[in-house]
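**Q** Give me a model of this one.
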Amino acid sequence: MSGKTDRKFDVIIAGAGPAGTSAAIRLASSGVGVLLAEQKKFPRPKLCGEFISPECDVHFKQLGVGNRVGESGAVFLGETIFYSARGYSVAVPSNWFGASALGLSRARMDDILLQRAREVGVTVLEETQVVAPLFEGSRVCGARLKSGTEAAEYRAEIIIDATGRARALARRVRRVGKPDTRSRPTLLAFKAHLRNADVSKQTCEIYFYPGGYGGISSIEDDLSNLCFIAPAKDVRLCGSDPEKVIREVVWKNSRAAKTLASARVESSWLGVSLEGFGRRDAVPAEGLLVAGDAAAFIDPFTGSGILMALEAGKLVAETILDHLPGLMVHDDFKSLENHYRVAYAGTFNTRLRVCALLRTAAFVPGLAGAAILFFSANERLRKRLAISTRPEHLLD
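**A** Model prediction:
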């Protein structure tokens, strides 16, 4: 591989979440020159359910951080219990996916991964904002980055947008060709760390209520992570106060009201608007690949968001490793583009379709309650549905 000069790399990755950082670790470990640009300074809080599915353990070991995650203070989560607004419940054991799940803050998990990226030779730029993509004709060939008041242009054979739902590069590419047609978000999500919530340390609880759902589970330092989604109109009626939203909206679920009655907030609230769920184009422009939430945002109630990010990091890294030598010689991006699109669809489309169907019930309390009652009576179907939101090999 060509390695790097001061501003020329084999691969530039924007975003140091689990998708971007895991891709960077895998690429750099194979001798690829990688620049990883991150807008924030780590460790930093991140809006997330902070539920680490058991299948993530394989990825952590491959990335060389298995022991560090195990020694991080993460809490073992043995089951997830889903509650309807009227209090009906159904449980999904974590061992259906191989072992116990983990509860660990994104601040701690992401920092572990970023430290590993530095160790394997990734050039990391924190507090660095993506200003715009660079083009050679119609091909993305780099990015203009800004740190403080200083801006510079960096070039690479391949660029990866792993900036999450912000899609910092992909959105700017789209605007070059056509106007931005984003609609006003109809959902808002909030997250905070709590103390004294009445929830078992080994259990993740998911609550359904009119127009949304939320969840709570234990993380390190005797804290719980609460993350919930509510209709934007209801949030506005509550003056955009997340604690009032909890009282007026989330507590329409009787179990949520009981669990959260004595809890107190131990962190700042984080909030974000949600434009939607599901797939985006995995290759929005020649030379540009997307991974993680930038490529597909899966419904948080599945508990598989972090897993999908790690899978996407592996997939995009393996695709690049298979094609980068030929790309640098022949300058032919088409083969890589086609391979990545097909591989991405084959890896994620089935579970995203399943989640789209489940979403219909999740936002309607009556349907959610009926589904919980139905699946609570049939463990075989419940297990089949649960693992259909995970990698297909679990269905074998």
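**Q** where along the stretch 51-200 of the chain do the helices fall?
**A** 56-63, 66-70, 106-119, 170-177 (DSSP state H, counting those that start in this stretch).
**Q** Show me the shaky parts of the stretch 151-300 of the chain.
**A** The stretch 151-300 of the chain contains residues with pLDDT under 70 at 174-183.
**Q** again, 50 this time
**A** 179-180 (pLDDT under 50).
**Q** can you put the helices of the stretch 51-200 of the chain in CSV and add mean neighbour count and distance to Ala143?
**A** Any C-beta I mention is one placed from the backbone N, CA and C, and that applies to glycine too. Shown next, in CSV, are the helices of the stretch 51-200 of the chain (neighbours: other C-beta atoms under 10 Å; distance: least, C-beta to C-beta, whole Å):
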stretch, mean neighbour count, distance to Ala143
helix 56-63, 20, 24
helix 66-70, 15, 30
helix 106-119, 21, 18
helix 170-177, 17, 9
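**Q** and the longest strand seen in the chain, which residues are buried?
**A** Selection of the longest strand in the chain by residue count, based on DSSP state E, yields strand 150-161. By neighbour count on 16 or more other C-beta atoms under 10 Å, the buried set for strand 150-161 is Tyr154, Arg155, Ala156, Glu157, Ile158, Ile159, Ile160, Asp161.
**Q** buried sites along the longest helix along the chain?
**A** Using DSSP state H, we find that the single longest helix of the chain is helix 334-362. If you call a residue buried by 16+ other C-beta under 10 Å, then helix 334-362 has these buried ones: 336-337, 340, 343-344, 347-348, 351-352, 354-355, 358-359, 361-362.
**Q** Could you give the number of residues near Pro54?
**A** Using other C-beta atoms under 10 Å, Pro54 is surrounded by 20 other residues.
**Q** Quick check: the gap between it and Gly78.
**A** Applying C-beta to C-beta, to the nearest Å, the value for Pro54 to Gly78 is 10 Å.
**Q** overlap in contacts of these two?
**A** With contacts defined as C-beta atoms under 8 Å, 6 or more residues apart in numbering, the residues adjacent to both Pro54 and Gly78 are Ser94, Asn95, Ser100, Ala101.
**Q** Neighbours of the second one, how many?
**A** Right, the one you point to is Asn95. With other C-beta under 10 Å as criterion, Asn95 counts 12.
**Q** Next up, the contacts around it.
**A** Shown in contact with Asn95 (C-beta under 8 Å, 6+ apart): Pro54, Gly78.
**Q** With distance to Val235 added, can I get the buried residues of strand 150-161 in CSV?
**A** What follows is the buried residues of strand 150-161, written out as CSV (distance: C-beta to C-beta, whole Å):
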residue, distance to Val235
Tyr154, 38
Arg155, 42
Ala156, 40
Glu157, 43
Ile158, 39
Ile159, 35
Ile160, 33
Asp161, 28
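**Q** for Asp293, phi and psi?
**A** The phi/psi pair for Asp293 (degrees, to the nearest 10) reads phi -60, psi -20.
**Q** likewise Ala370?
**A** phi -60, psi -40.
**Q** How about it: what's its closest non-neighbour residue?
**A** The shortest distance from Ala370 to any non-neighbouring residue, by C-beta to C-beta, 6 or more residues apart in numbering, is to Ala361 (7.7 Å).
**Q** dump the residue contacts of the one you found.
**A** By C-beta under 8 Å, 6+ apart, the neighbours of Ala361 are Leu367, Ala368, Ala370, Ala371.
**Q** confidence score at it?
**A** On pLDDT, Ala361 comes in at 85.
**Q** Now do the residue lying closest to Arg108 once chain neighbours are set aside against Met109, distance only.
**A** Computed as C-beta to C-beta, 6+ apart, the closest residue to Arg108 that is not its neighbour in sequence is Ser72, at 5.5 Å. Remark: distance between Ser72 and Met109 (C-beta to C-beta) = 7 Å.
**Q** cool, and Asn253?
**A** Using C-beta to C-beta, we find Asn253 at a distance of 28 Å from Met109.
**Q** my read: Ser218 touches Phe76, true?
**A** No - with contact defined as C-beta atoms under 8 Å, Ser218 does not count as touching Phe76 (9.1 Å).
**Q** what is in contact with these two at once?
**A** In contact with both Ser218 and Phe76: Gln202, using C-beta under 8 Å, 6+ apart.
**Q** if you count what's nearby, which of these two comes out ahead?
**A** Ser218 (25 against 14).
**Q** Who does the more buried one form a beta bridge with?
**A** Counting by DSSP bridges, Ser218 is bridged to Ser224.
**Q** before we move on, back to that, among the helices of the stretch 51-200 of the chain, which one carries the weakest average confidence?
**A** helix 170-177 (a mean of 73).
**Q** count of residues packed around Ser388?
**A** Other residues lying near Ser388 total 18 when counted by other C-beta under 10 Å.
**Q** Any stretches of the stretch 1-150 of the chain with poor pLDDT?
**A** Where the stretch 1-150 of the chain drops to pLDDT under 50, the residues are 1-3.
**Q** Spell out the residue ranges of the strands in it.
**A** Taking DSSP state E, counting those that start in this stretch, the strands of the stretch 1-150 of the chain run over residues 8-14, 34-37, 51-52, 75-77, 79-83, 89-93, 101-103, 123-125, 129-136, 139-147, 150-161.
**Q** okay, those strands in TSV with distance to Ser388 next?
**A** As requested, the strands of the stretch 1-150 of the chain are exported to TSV (distance: least, C-beta to C-beta, whole Å):
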stretch	distance to Ser388
strand 8-14	30
strand 34-37	33
strand 51-52	18
strand 75-77	20
strand 79-83	15
strand 89-93	12
strand 101-103	17
strand 123-125	37
strand 129-136	35
strand 139-147	35
strand 150-161	28
